[in-house]
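Colleague: Sequence and predicted structure are below.
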Amino acid sequence: MNDGWVSWLEDLTQADADSVGRKCANLGELTRAGFQVPPGFALSLEAYQAFLETTGTGEEVRRFFATFAADPDDPKQLPKFTEASATVRRIVETRDMPRDIADALAGCYDELCERTGMQDVPVATRSAGPASHPGQYESFLNVTGRAAVTENVVKVWSSTFNTRSLVARARKGLPLESDPIGVAVLKMVAAEAAGVMFTAEPTTADATRMVIEGSRGLGEVVVGGAVIPDNWTVDAKEFAVVDRGVATAAEHACLSDGEVSELARIGKLVEAHFGKPQDIEWAIDRNASFGPVFILQTRPETFRINFRF
């Protein structure tokens, strides 16, 4: 930890979720347990709060929202949230990061370059809230160089004021002027395929079946629903494929059956480690030295049970 701002993943456990966000804490837990996680580090929620207060951004944002009023449940008023988001994000993104936080961030980025043997190693800057809010905040990929990493960390912080985040907080009666999050800075995986895995069938909670979805390239297109993914249903004990669907536009699936089985096996190990079914983001780099499967995120699975009458 550097002055409370930055921690390496291998120094984190689940107990650090309130400090660095659940995503970073879980990735640290997996790193310590021997799972293959991209190397990286985490900025704390405290860094987010210090940025707002030290730069005066927090006070300016509070003044803005003191006169803001809109009903998040009235579709006709949703444009007010969009306008508010644009205004506040401009405020946030035009402020310089405080020097001590910027120095801690730069020092860890330089060390990550040394650890990976890469000059200006490409990284992803990903949001990490104390609670899971899938798809609510923003991530930025293939970020290279000190200045760009600093800029994109601020953009991740700024994403706590995007329209969907403001609407979500308004509907819950939460303050609009702040929603502290951590930020994960992870080495990019040279992903040939990526996607999500549910260690229990998500629409029935059937623990004897697993579901894997994936596509070629980066997994954000799957997580964000931008593509129709390849999909597999897998026996949770034998890890054999019991059903599959290949995206209409694809000639071949993005994974072999052997890769699907290996993903499922690792998924069950992750589930066993956390003691409950997991929703896992994964990536495949077939040239990686220690095996092709990388875990990019894991969180408790939320079931979308379909009841039949």
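Modeller: Great, that's in hand.
Colleague: the bottom helix or strand of this protein by mean pLDDT?
Modeller: Of all the helices and strands that make up the chain, helix 220-223 has the lowest average by mean pLDDT, DSSP states H and E, namely a mean of 55.
Colleague: Against which helices or strands is the very next helix or strand once past that helix packed?
Modeller: On the C-terminal side of helix 220-223, the closest following helix or strand by DSSP states H and E is strand 230-235. Identification of packing neighbours for strand 230-235 by 3 or more C-beta pairs under 8 Å, 6 or more residues apart in numbering; DSSP states H and E yields strand 209-216, strand 241-245, helix 257-274. All C-beta spots, glycine's among them, are computed from the backbone N, C-alpha and C.
Colleague: who touches strand 230-235?
Modeller: Defining contact as C-beta atoms under 8 Å, 6 or more residues apart in numbering, one finds that strand 230-235 is touched by 195, 201, 208-215, 240-247, 250, 253-255, 260-261, 264.
Colleague: One more pass at 10 Å, please.
Modeller: In this structure, residues lying in contact with strand 230-235 by C-beta atoms under 10 Å, 6 or more residues apart in numbering are 193, 195-197, 199, 201, 206, 208-216, 222, 240-247, 250, 252-255, 257, 259-261, 263-265, 267-268.
Colleague: List the pairing partners of that strand within its sheet, with orientation.
Modeller: Taking DSSP bridges as the criterion, strand 230-235 forms sheet pairs with strand 209-216 (antiparallel), strand 241-245 (antiparallel).
Colleague: Could you provide those strands in a markdown table, with additional columns for distance to residue 63 and mean neighbour count?
Modeller: Compiled in a markdown table, the strands paired with strand 230-235 are given as follows (distance: least, C-beta to C-beta, whole Å; neighbours: other C-beta atoms under 10 Å):
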| stretch | distance to residue 63 | mean neighbour count |
| --- | --- | --- |
| strand 209-216 | 44 | 23 |
| strand 241-245 | 52 | 14 |
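Colleague: could these go into JSON lines alongside mean pLDDT and distance to residue 282?
Modeller: Putting the strands paired with strand 230-235 into JSON lines (pLDDT from 0 to 100; distance: least, C-beta to C-beta, whole Å) gives the following:
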{"stretch": "strand 209-216", "mean pLDDT": "94", "distance to residue 282": "8"}
{"stretch": "strand 241-245", "mean pLDDT": "94", "distance to residue 282": "16"}
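Colleague: need the contact list for residue 198.
Modeller: Residues near residue 198 by C-beta under 10 Å, 6+ apart: 205, 209-213, 267, 271, 277-280, 301-304.
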